[in-house]
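Colleague: With the input below, show me the fold.
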Amino acid sequence: MGTIYVLGAGLSKTCNIATDAEMLAALDPLLKATPQKDGGPPRTTIEHLTEQNFLDGGGIGFELFMSNLSSLKFLGDCWGGKKNVFREEERELRTALRSYLTECVKSVNWNAEGKAILDFMKIINWSADHILTFNYDELLETAAEKLGIAVDDRIIHLHGAVSERTLAWPTFTKFAYRTTKAPLAPRWKKAFELLRNQAELDELVFIGYSMPPADLEAKALFNYSDWYNSLPGIPFFHGKQVPASKRYSYEICVINPSPAVQQNYKFFRRAPRFLWQKFEVWLRGRRR
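Modeller: So this is what the prediction gives:
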């Protein structure tokens with residue numbers, strides 16, 4: 001029996017890695033500012049697209065920004081042989097993101113802010129638990145290496161990781177292109193198999209993940225597995241009978257300091273237990 005941990009940006013925030021609301025400001029200094037055709041001051045890709053597509057110019061998160069840019073890519077494809085500037089801008093942002101996250105992990109002080117990540121890795125039962133993460137950084141893998149832990153295939157990056165070729169943005173169009181779908185689809189299939197294997201599941205724990213409404217693929221993954229597990233009678237899982245005592249018996253727990261995320265979890269058929277705590281506070285209680 002084990003636990004499935006679902007990780008969002010709130011966990012990486014522990015090591016001073018930007019969250020969704022902070023990411024654009026963190027990436028902007030890494031981008032080249034280019035002169036504008038109208039003679040205005042030089043703009044980076046982030047500044048230019050924000051000015052074009054978001055009238056108020058404030059409160060724009062990485063998810064919303066990339067959702068907009070991903071949609072513009074399709075517009076660019078309709079131009080035939082002309083250069084798709086939106087695809088080039090996405091490539092520029094992807095490169096900046098890799099650079100930013102790689103440097104963040106390299107600069108972690110494992111005796112200070114990184115200690116919480118090390119402690120988290122120590123409470124995982126690596127023979128029974130699994131981690132589904134939407135984070136691109138490789139904090140966990142670096143921590144595992146420092147601790148000498150063999151994680152094997154128990155950490156699944158559903159959106160890809162910085163050391164990999166493919167990164168998927170948290171939007172509902174992320175699998176519209178085969179180049180993204182083909183390499184990541186097996187991971188989503190594996191995640192679904194883990195989530196619906198309730199005979200081996202004791203707890204589903206969301207840490208620092210807001211279940212963003214824009215990421216319909218992610219919500220569908222959890223919603224469909226939740227429906228499957230809530231059925232009154234589930235005959236088999238991989239050819240084995242699921243005991244009645246294990247049918248939808250696992251606990252769902254959400255660790256997040258913001259009560260605003262509660263509405264994003266309303267689709268669960270069993271009410272989750274919400275702990276309005278930062279990751280470090282929850283971890284201290286978990287280790288007792």
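Colleague: can you pull out the helices in the stretch 101-250 of the chain?
Modeller: Shown for the stretch 101-250 of the chain, the helices assigned by DSSP state H, counting those that start in this stretch span residues 115-123, 139-147, 178-195, 216-230.
Colleague: want to throw the ones you listed into TSV with mean neighbour count, mean pLDDT and distance to Tyr248?
Modeller: All C-beta spots, glycine's among them, are computed from the backbone N, C-alpha and C. What follows is the helices of the stretch 101-250 of the chain, written out as TSV (neighbours: other C-beta atoms under 10 Å; pLDDT from 0 to 100; distance: least, C-beta to C-beta, whole Å):
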stretch	mean neighbour count	mean pLDDT	distance to Tyr248
helix 115-123	18	96	25
helix 139-147	19	97	29
helix 178-195	15	94	12
helix 216-230	17	93	5
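Colleague: residue ranges for the strands of the protein, please.
Modeller: For the chain, the strands defined by DSSP state E occupy 2-7, 130-133, 155-157, 201-207, 251-255, 273-275.
Colleague: Name the surrounding residues that touch the helix or strand bottoming out on mean pLDDT in the chain.
Modeller: The helix or strand of the chain with the poorest confidence is helix 62-77; it has a mean of 80 (mean pLDDT, DSSP states H and E). Under the contact criterion C-beta atoms under 8 Å, 6 or more residues apart in numbering, helix 62-77 has outside partners 20-21, 23-24, 46, 49-50, 53-54, 82, 84-87, 89-90, 93, 169-174, 176, 212, 214-215.
Colleague: Mark which of those are buried, thanks.
Modeller: 20, 23-24, 46, 49-50, 84, 86, 89-90, 93, 169-174, 212, 214-215 (16 or more other C-beta atoms under 10 Å).
Colleague: in the least confident helix or strand of the chain, what's buried?
Modeller: Using 16+ other C-beta under 10 Å as the test for burial, helix 62-77 gives Phe62, Glu63, Leu64, Phe65, Met66, Ser67, Asn68, Leu69, Ser70, Leu72, Lys73, Gly76.
Colleague: got those as TSV, with distance to Glu145 columns?
Modeller: Shown next, in TSV, are those (distance: C-beta to C-beta, whole Å):
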residue	distance to Glu145
Phe62	27
Glu63	29
Leu64	34
Phe65	32
Met66	30
Ser67	34
Asn68	37
Leu69	34
Ser70	33
Leu72	39
Lys73	36
Gly76	40
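Colleague: Go through those and say which is closest to Lys146.
Modeller: Distances from the buried residues of helix 62-77 to Lys146 were compared by C-beta to C-beta; the smallest belongs to Phe62, at 27.9 Å.
Colleague: Could you report the distance from the closest one to Glu251?
Modeller: Using C-beta to C-beta, to the nearest Å, Phe62 is found at 31 Å from Glu251.
Colleague: Please apply the same query to Thr166.
Modeller: The gap separating Thr166 from Glu251 is 33 Å, by C-beta to C-beta.
Colleague: quick one: which of these two has more around it?
Modeller: Neighbours per residue (other C-beta atoms under 10 Å) separate Thr166 from Glu251, with Thr166 holding more: 16 against 13.
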